[in-house]
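S.K.: structure of the sequence below:
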Amino acid sequence: MPQWLPGWIDTPPQPDDAVLAISNGVILKPGDDWLMPWSAARSAVAQGQEPVYVGRWGERAVYVCGLEPDQLAGAVQSITLRDALIFGEDVPAELLGLAHQVQQWWLDHRFCGRCGTPTTIHPRERARRCDPCSLSWYPRLSPCVIVMIRRGERMLLARSSRVKRNFFSLIAGFVEAGESLEEAVQREVLEETGLKVTNIRYYDSQPWPFPSQLMLGFFADYAGGELVLQEDEIAEADWFLPDELPPVPPETTIAGRLIEAMQQEIRG
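M.R.: Have a look, this model is predicted:
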């Protein structure tokens, strides 16, 4: 897989530069490649869209842009970004995730949120700027904790009431202003399950572009309480032995990796 190099330039694409076509979280995939040359894409740019630089993929400069599929020559496959990241094989996850976030940032900050003036592009950084207010807006990044809880030889798994896919995952939530990561873990677990946890320890992180999260993975041990679910967040939850798990997310996700690591830990 080519080397991925994020960065920023404020120049428009050249004919041989590459475009990743994303509209409302749906990727238009031409054939076996995720990218198409700008020369083939520029006549299909959707209304209200424009190409935005993402970085370099191997030797190619990559831009993201919403395109009209019926204006493209040749067949394209439509695939949601979520399905690509969760179920796809040999997927450039960092490129796809960052491109989606860059596109949303570009569209969401065309005007100053304080005075309404159209924003300009920072010449050296990935930022949109309001010159009258001296304010800059960078692509949003929201820290989010996700935690694998162990109770003896069992692990807590929960099924979201908001996600249609029928698998069990982990307790997760956004970090609030003024919280440490450990405090966010304790609060989210208590709010969503009624449980208390201790021995909170960091495991790994993963960018996750839904909407613009940095997922911070933790392990924790059960410290007390009975399951009382927050129904608007959790449809069901239970304690599972490592060899008797329900369907869970794949290891392309941090949830899947946390589950697999805890399975190995319990098995010894």
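S.K.: now A261, what's its secondary structure?
M.R.: helix (DSSP: H, G, I helix; E, B strand; the rest coil).
S.K.: let me see the confidence value for it.
M.R.: Looking at A261, its pLDDT is 98.
S.K.: same question, the one 5 residues further on
M.R.: Among the per-residue scores, I266 shows a pLDDT of 96.
S.K.: what's near enough to touch it?
M.R.: Applying CB atoms under 8 Å, 6 or more residues apart in numbering to I266 gives the contacts 150, 153, 155, 241-242. C-beta coordinates here come from the backbone N, C-alpha and C atoms, glycine included.
S.K.: out of those residues, which end up buried?
M.R.: 150, 155, 242 (16 or more other CB atoms under 10 Å).
S.K.: re the thing from before, so which pair among the contacts of I266 is furthest apart in space?
M.R.: Within those, R150 and L241 form the most distant pair, 11.5 Å apart (CB to CB).
S.K.: can you tell me who the nearest residue to R60 once chain neighbours are set aside pairs with across the strands?
M.R.: Residue nearest to R60 in three dimensions, not counting chain neighbours: A18, with 4.4 Å by CB to CB, 6 or more residues apart in numbering. Using DSSP bridges, the beta-bridge partners of A18 come out as P37, V62.
S.K.: which stretches of the chain have low pLDDT?
M.R.: 1-4 (pLDDT under 70).
S.K.: so S136 makes contact with R126?
M.R.: No - if you go by CB atoms under 8 Å, S136 and R126 don't touch, sitting 10.0 Å apart.
S.K.: quick one: which of these two has more around it?
M.R.: More crowded of S136 and R126, by other CB atoms under 10 Å: R126, with 22 against 15.
S.K.: backbone phi and psi for the closest residue to that one other than its chain neighbours, please?
M.R.: Leaving out its chain neighbours, the residue that sits closest to R126 by CB to CB, 6+ apart is W8, at 4.2 Å. Phi and psi for W8, reported as degrees, to the nearest 10, are phi -150, psi 130.
S.K.: can you pull the contacts of W8?
M.R.: 53, 124-126.
S.K.: make sure R140 is indeed in a helix.
M.R.: No - per three-state DSSP, R140 lies outside any helix segment and is coil.
S.K.: how close does the spatially closest residue to it that is not a sequence neighbour sit to C144?
M.R.: Spatial nearest neighbour of R140, excluding adjacent residues (CB to CB, 6+ apart): S212 at 4.3 Å. Separation of S212 from C144 (CB to CB, to the nearest Å) stands at 10 Å.
S.K.: cool, and R154?
M.R.: R154 is 25 Å from C144, where distance means CB to CB.
S.K.: on the three-state scheme, the nearest residue to S161 once chain neighbours are set aside is what?
M.R.: The shortest distance from S161 to any non-neighbouring residue, by CB to CB, 6+ apart, is to A235 (4.1 Å). Following three-state DSSP, A235 is assigned to strand.
S.K.: any idea how many residues pack against A235?
M.R.: A235: 14 neighbours (other CB under 10 Å).
S.K.: so who does it touch?
M.R.: 158-161, 229.
S.K.: switch the cut-off to 7 Å
M.R.: Residues in contact with A235 (CB atoms under 7 Å, 6 or more residues apart in numbering) are 159-161.
S.K.: what distance do you get for it to W38?
M.R.: For A235 relative to W38 (CB to CB), the value is 45 Å.
S.K.: name the residues that touch stretch 39-54?
M.R.: Contacts for stretch 39-54 (CB under 7 Å, 6+ apart): 8-9, 12-13, 15, 19-21, 23, 61-68, 71-73, 98-99, 102-103, 106.
S.K.: which of these fall in strands?
M.R.: Under the assignment DSSP state E, the contacts of stretch 39-54 contribute 19-21, 23, 61-65 to strands.
S.K.: now the strands for the stretch 51-200 of the chain?
M.R.: Here the stretch 51-200 of the chain has its strands, by DSSP state E, counting those that start in this stretch, at 52-57, 60-65, 77-80, 120-121, 128-130, 135-137, 142-151, 154-160, 171-174, 196-208.
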